[in-house]
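Visitor: Got a sequence here, can you build the structure:
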Amino acid sequence: MIDEITRDDGGVEFLNNISQMLFTKYKLADTQSGFNTKIIVADASIVDKNVIAQHLSNPSPEPNKIYFRLASSEAILPLYVEQFKFKGLSATAINTNSYPASSLSLTYKVIVESAKFNEAERLKQNTKLVETIQSGILEDIETLLQRSDAIQIIVYIHNKLLLADLIEKIRKHRGEFEKYQEYLEIHANISEQEKSLINQYKNDVKIVFMTASGSRGLSFPKTKHILVEIPRFKIEKNLM
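Guide: Below you'll find the model as predicted:
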């Protein structure tokens, strides 16, 4: 998990240096070395051999970007394996697509707030911006709940305090809003008992609220709409 190791955008350069050390300097890919050396790269957002070759071959810094491709018939299988060459060596790409989508539509709602900087007013401006964003999410949720095709909605916010605040606003707006009946709340600090309840009710609720740290390893096959609050700046990276 190269970007998680380096904690910055130097993951590709790190992988390139590891490859050079193992396979060029010490020649551990040669059969006479006596070693069966492999480098395993795990990345949820790189799923195609052509993207792997394009993104991981060049160690020079690149601007943030999103790679996309047309899905082939092979790519929609729950599990598939591709053999290819990477840096002149034999490589294997293993991909899992538990619930592949036949199409994807993205709608951006950009909120820009302009204010003359004043240290005393800075926190008030931030609160005002949060209120504007949450009001927009609340409006989108209510609109989607009126649609017949919105079987389940995921609301994805990076900050668990803002997530809890949004849930409380919805409760006040709707009058009643019962956990495990109408919604789930998923973040890193939920208990083991709550995790079991999430698995029990995840196909029954209309809305699933989650943070980035709470979303790993969970699938929601009934969801067709996802509302994401993307943090300011580095939009491409945070969207992934």
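
Visitor: which other residues reach stretch 156-163?
Guide: Contacts with stretch 156-163, where a contact means Cβ atoms under 8 Å, 6 or more residues apart in numbering, come from 130, 134, 137, 155, 166, 185, 187-189, 209-212, 214-215, 226-229, 231, 238. For the C-beta atoms, the positions are set from N, CA and C on the backbone; glycine is no exception.

Visitor: Which stretches in the chain count as strands?
Guide: If DSSP state E is used as the criterion, the strands of the chain fall at 79-86, 89-96, 152-156, 183-186, 207-210, 223-228.

Visitor: among those, which is nearest residue 44?
Guide: Residue 44 sits nearest to strand 89-96 of all the strands of the chain, at 9.6 Å, using Cβ to Cβ.

Visitor: Partner strands of that closest one, with direction?
Guide: strand 79-86 (antiparallel) (DSSP bridges).

Visitor: same question for the strand it pairs with, mean pLDDT?
Guide: On average, the pLDDT along strand 79-86 is 88.

Visitor: buried stuff in it?
Guide: For strand 79-86, a neighbour-count test (16 or more other Cβ atoms under 10 Å) marks 82, 86 as buried.

Visitor: could we number from 29 for the rest of this?
Guide: That works, and once the first residue is 29, the last one we named lands at strand 107-114.

Visitor: surely residue 141 meets residue 156?
Guide: Yes - here residue 141 reaches residue 156: they are 7.2 Å apart, a contact under Cβ atoms under 8 Å.

Visitor: Name all residues that make contact with residue 205.
Guide: Going by Cβ under 8 Å, 6+ apart, residue 205 touches 195, 198-199, 211.

Visitor: Which ChimeraX command selects the buried ones in those?
Guide: Restricted to buried positions by 16+ other Cβ under 10 Å, the ChimeraX selection for the contacts of residue 205 reads:
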select :195,198,211
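
Visitor: Among the contacts of residue 205, which are located in helices?
Guide: For the contacts of residue 205, the ones inside helices are 195, 198-199, with DSSP state H as the criterion.

Visitor: of the strands of the chain, which approaches residue 49 most closely?
Guide: Smallest distance to residue 49 across those (Cβ to Cβ): 14.0 Å, for strand 117-124.

Visitor: Quick check: mean pLDDT of that closest one?
Guide: Strand 117-124 comes out at a mean pLDDT of 88.

Visitor: mind listing what's buried in it?
Guide: Buried residues in strand 117-124, counted by 16+ other Cβ under 10 Å: 119, 121, 123.

Visitor: Residue 48: which of these is nearest?
Guide: The closest of the buried residues of strand 117-124 to residue 48 turns out to be residue 119 (Cβ to Cβ; 15.8 Å).

Visitor: one step back: please tabulate the buried residues of strand 117-124 in TSV, including the columns distance to residue 51.
Guide: Shown next, in TSV, are the buried residues of strand 117-124 (distance: Cβ to Cβ, whole Å):
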residue	distance to residue 51
119	12
121	18
123	24
